[in-house]
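Undergrad: Sharing a model prediction with you, sequence too.
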Number of protein chains: 2
Amino acid sequence: MASHGIVLFAHGARDARWAEPFERLSTRLRALRGPSAGPVSLAFLELMSPDLPTAVAEQAAAGVSIVTVVPVFFGQGGHIRRDLPAILDQCRAANPTVEIRCSTAVGEDDEVIEAIAAYCLRQTSS
Amino acid sequence: MASHGIVLFAHGARDARWAEPFERLSTRLRALRGPSAGPVSLAFLELMSPDLPTAVAEQAAAGVSIVTVVPVFFGQGGHIRRDLPAILDQCRAANPTVEIRCSTAVGEDDEVIEAIAAYCLRQTSS
């Protein structure tokens, strides 16, 4: 069966603790997908490593046939509309046998917005 | 009854479209809270307006007695650990009659992480 990897693409920051929610997210996603599913990796635009081309190359070397990049960003600004497409082109050129897909940013998803709204609501209930 | 406002605090970006999910979030949160609840505002760290002191001052002028600031950030890096506390101090000094609270970043919440993981999972099911 074709293996389908996921790369969670985040901005990156100077403070290592910034990455904690992304690490929890990748751990949770691996658990949801189960042990026989493809790999889940983190990649960063700047300030943290690996970058996206490195993460995609690692999954390609591990034998995945599809990589889906999920931008873990709220809004779709310049990083998503301009920087990311250029990096994806670079990844596709470097890994021609792998199908590289990209989703919209997680912050555009209605269920993610609903979960954030519910969190906000809980902050005013005490 | 004391009015309790919420200020959704986001990073900001050059591209105006970046703010769209935050606008949807504030609309959804207003609907969940109902018409008799306190105000919901957006505020930005940089590149967009209003800034947090302006948003808090507007809610104070509207008569809220409590403002809860919710950082709509994934990770808690320098912006949340260093910049935000200083801005909150400034808000408290400028609005001494208002109780100004601050939650942890939304990306630290288990249910938000669960919703993002579910979104990621749906990207590999097609």
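TA: Right, received. Where do you want to start?
Undergrad: can you map out the helices along chain A?
TA: Per DSSP state H, chain A carries helices over the ranges A:20-33, A:52-61, A:78, A:84-94, A:110-123.
Undergrad: low pLDDT regions in chain A?
TA: A:1-2, A:126 (pLDDT under 70).
Undergrad: What residues does residue A:84 make contact with?
TA: A:9, A:45, A:52, A:69, A:71, A:102 (CB atoms under 8 Å, 6 or more residues apart in numbering or on different chains). All C-beta atoms are positioned from the backbone trio N, CA, C, and that covers glycine.
Undergrad: And residue A:103, by the same measure?
TA: Per CB under 8 Å, 6+ apart, neighbours of residue A:103: A:68-71, B:119-120, B:123.
Undergrad: Got phi/psi on it?
TA: With angles defined as degrees, to the nearest 10, residue A:103 sits at phi -90, psi 170.
Undergrad: residue contacts, residue A:90?
TA: Residue A:90 makes contact with residue A:53, according to CB under 8 Å, 6+ apart.
Undergrad: quick one on the thing from earlier: can you list the helices of chain A in a markdown table and add distance to residue B:14?
TA: Output for these, formatted as a markdown table (distance: least, CB to CB, whole Å):
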| stretch | distance to residue B:14 |
| --- | --- |
| helix A:20-33 | 24 |
| helix A:52-61 | 21 |
| helix A:78 | 6 |
| helix A:84-94 | 15 |
| helix A:110-123 | 22 |
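Undergrad: Please identify which of the ones you listed is closest to residue A:39.
TA: For these, proximity to residue A:39 was assessed by CB to CB; helix A:52-61 is nearest, at 5.5 Å.
Undergrad: Check whether the closest one comes into contact with chain B.
TA: No - judged by CB under 8 Å from any CB of the partner chain, helix A:52-61 and chain B are separated, with a smallest distance of 12.7 Å.
Undergrad: by how many degrees do that helix and helix A:84-94 diverge?
TA: Relative orientation of helix A:52-61 versus helix A:84-94 (axes from the mean of the first three to the mean of the last three CA atoms, to 10 degrees): 40 degrees.
Undergrad: Give me the contacts around helix A:52-61.
TA: A:5, A:7, A:9, A:38-39, A:41-45, A:50, A:67, A:69, A:84, A:87-88, A:90-91, A:94-95, A:97-98, A:100.
Undergrad: same thing but 10 Å
TA: Outside of helix A:52-61, the residues within contact range by CB atoms under 10 Å, 6 or more residues apart in numbering or on different chains are A:3-9, A:38-45, A:49-51, A:64-67, A:69, A:71, A:83-84, A:87-88, A:90-98, A:100.
Undergrad: Name only those of these that count as buried.
TA: A:4-9, A:38-45, A:51, A:64, A:66-67, A:69, A:71, A:84, A:87-88, A:91, A:95, A:98, A:100 (16 or more other CB atoms under 10 Å in any protein chain shown).
Undergrad: For the closest residue to residue A:78 other than its chain neighbours, list the residues it contacts.
TA: Nearest residue to residue A:78, sequence neighbours excluded (CB to CB, 6 or more residues apart in numbering or on different chains): residue B:15, at 5.5 Å. Residue B:15 makes contact with A:75-82, B:47-48, according to CB under 10 Å, 6+ apart.
Undergrad: now, among the residues you listed, which is nearest to residue B:20?
TA: Of all the contacts of residue B:15, residue B:20 sits closest to residue A:75, with 6.5 Å by CB to CB.
Undergrad: Next, count neighbours for the closest residue to that closest one other than its chain neighbours.
TA: Leaving out its chain neighbours, the residue that sits closest to residue A:75 by CB to CB, 6+ apart is residue B:18, at 3.5 Å. Look at residue B:18: counted by other CB atoms under 10 Å in any protein chain shown, it has 26 neighbours.
Undergrad: hmm, back to that, what's the spacing between the residue nearest to residue A:78 and residue B:51?
TA: 18 Å (CB to CB, to the nearest Å).
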